[in-house]
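Enquirer: quick one, fold the following:
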Amino acid sequence: MKGLDLAHVQAVLFDMDGTLAETDEEYLRRLVRLVRPLRLFFGRAGEARVLRRWMMASEGAASFLLTVPDRLGIDEPLAALTDRLAWSRGLGHPGAFRAVQGVPEMLTRLARRLPLAVVSSRDRRGTLAFLDQSNLQSHFAAVITALSAPRMKPHPAPVYAAAKALGVAPEGCLMVGDTRAEILAGRRAGAQTAGVLCGFGEREELEACGADVILESTAEVGRLFDT
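Expert: Presented below is the predicted three-dimensional model:
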């Protein structure tokens, strides 16, 4: 890691799932309950550990596949379908989300110094529901979601869209996320990147993607600017 050049950071962009919200853990808990009748097949490692490894391993492929509907021109109807499915299963409802510990306080301080944006691959309704129920929406000058840009992360298009909405150059942004999708999207846009370990990403994976800094939690982002 080369480290951050904070003097050039003019705005901070945050992923949502696993970065601002603990939805990754909620998904894992729901999957564990779903496969509980098959627990004998998971051996001594247990359902939670095996499923966590599977979700981490599939993140890169899943992010890539999410860009295919856009290329085929079917992104809007597919997004509407996945939106309905998520809400029907309770994963779109704001009650399913919790802010990562320390994040609300950090955002309150950081928003006084820099413009902030959310850059999420989630549908807009679910993203705004989380921000509203967590009382975080007022901190963000822009909210970029699944259909806000022509491509989704790890493509740089969402980062470009957020930078444009905030009125800064992509190179002046710091992209914060818990998986390789955010790190790659940020780097490809020319932004600096911070990987956080409060989601599913692992330190080695985020370092290999070229993250400029690795933090234990998103709550630590504000401390970068306290010096």
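Enquirer: from here on, contacts and neighbour counts on C-alpha atoms
Expert: OK.
Enquirer: who's in contact with stretch 208-222?
Expert: For stretch 208-222, the external contacting residues (C-alpha atoms under 8 Å, 6 or more residues apart in numbering) are 1-4, 19-20, 100-103, 105-107, 109-110, 176, 180, 183-184, 187, 192-198, 203, 206-207.
Enquirer: which residues are in contact with stretch 98-108?
Expert: Everything outside stretch 98-108 that qualifies as a contact, by C-alpha under 8 Å, 6+ apart, is 18-23, 130, 134, 136, 139, 198, 218-222.
Enquirer: if we can go back for a sec, of the contacts of stretch 208-222, buried ones?
Expert: Neighbour counting with 16 or more other C-alpha atoms under 10 Å marks 4, 19-20, 100, 103, 106-107, 110, 176, 180, 183-184, 187, 192-198, 203, 206-207 as buried within these.
Enquirer: out of those residues, which sit inside helices?
Expert: Counting by DSSP state H, the members of the buried ones among the contacts of stretch 208-222 that fall within helices are V103, M106, L107, L110, R180, I183, L184, R187, R203, L206, E207.
Enquirer: show me the shaky parts of this protein.
Expert: When residues are selected by pLDDT under 70, those of the chain lie in 1-2, 23-96, 227.
Enquirer: switch to 80 and redo it
Expert: By pLDDT under 80, the low-scoring segments of the chain are 1-2, 23-97, 200, 227.
Enquirer: quick check: the gap between the residue lying closest to L136 once chain neighbours are set aside and P154.
Expert: Spatially, and ignoring its direct neighbours in sequence, L136 is nearest to P104 (6.7 Å; C-alpha to C-alpha, 6 or more residues apart in numbering). In this view, P104 and P154 are 26 Å apart by C-alpha to C-alpha, to the nearest Å.
Enquirer: neighbour-wise, which of these two wins?
Expert: Higher neighbour count among P104 and P154: P154, with 25 against 17, using other C-alpha atoms under 10 Å.
Enquirer: ok, the more buried one to P170 distance?
Expert: In this structure, P154 lies at 15 Å from P170, with C-alpha to C-alpha as the measure.
Enquirer: same check, this time on I144
Expert: When distances are taken as C-alpha to C-alpha, I144 and P170 turn out to be 14 Å apart.
Enquirer: cool, and G190?
Expert: 6 Å.
Enquirer: so for the two, which sits in the more crowded spot?
Expert: Taking G190 and P170 together and counting by other C-alpha under 10 Å, P170 has the greater number of neighbours (26 against 18).
Enquirer: thinking that one is in contact with P158, fair?
Expert: No - with contacts defined as C-alpha atoms under 8 Å, P170 does not count as touching P158, sitting 10.4 Å away.
Enquirer: strands of the protein, start to end?
Expert: Counting by DSSP state E, one finds strands in the chain at the ranges 11-14, 116-119, 142-144, 173-177, 192-196, 213-215.
Enquirer: tell me the helices and strands packed up against the first one.
Expert: In this case it means strand 11-14. strand 116-119, helix 157-166, strand 173-177 (3 or more C-alpha pairs under 8 Å, 6 or more residues apart in numbering; DSSP states H and E).
Enquirer: contacts only, for G177.
Expert: By C-alpha under 8 Å, 6+ apart, G177 lies in contact with F14, D15, M16, G18, T19, I183, T193, A194, G195, V196.
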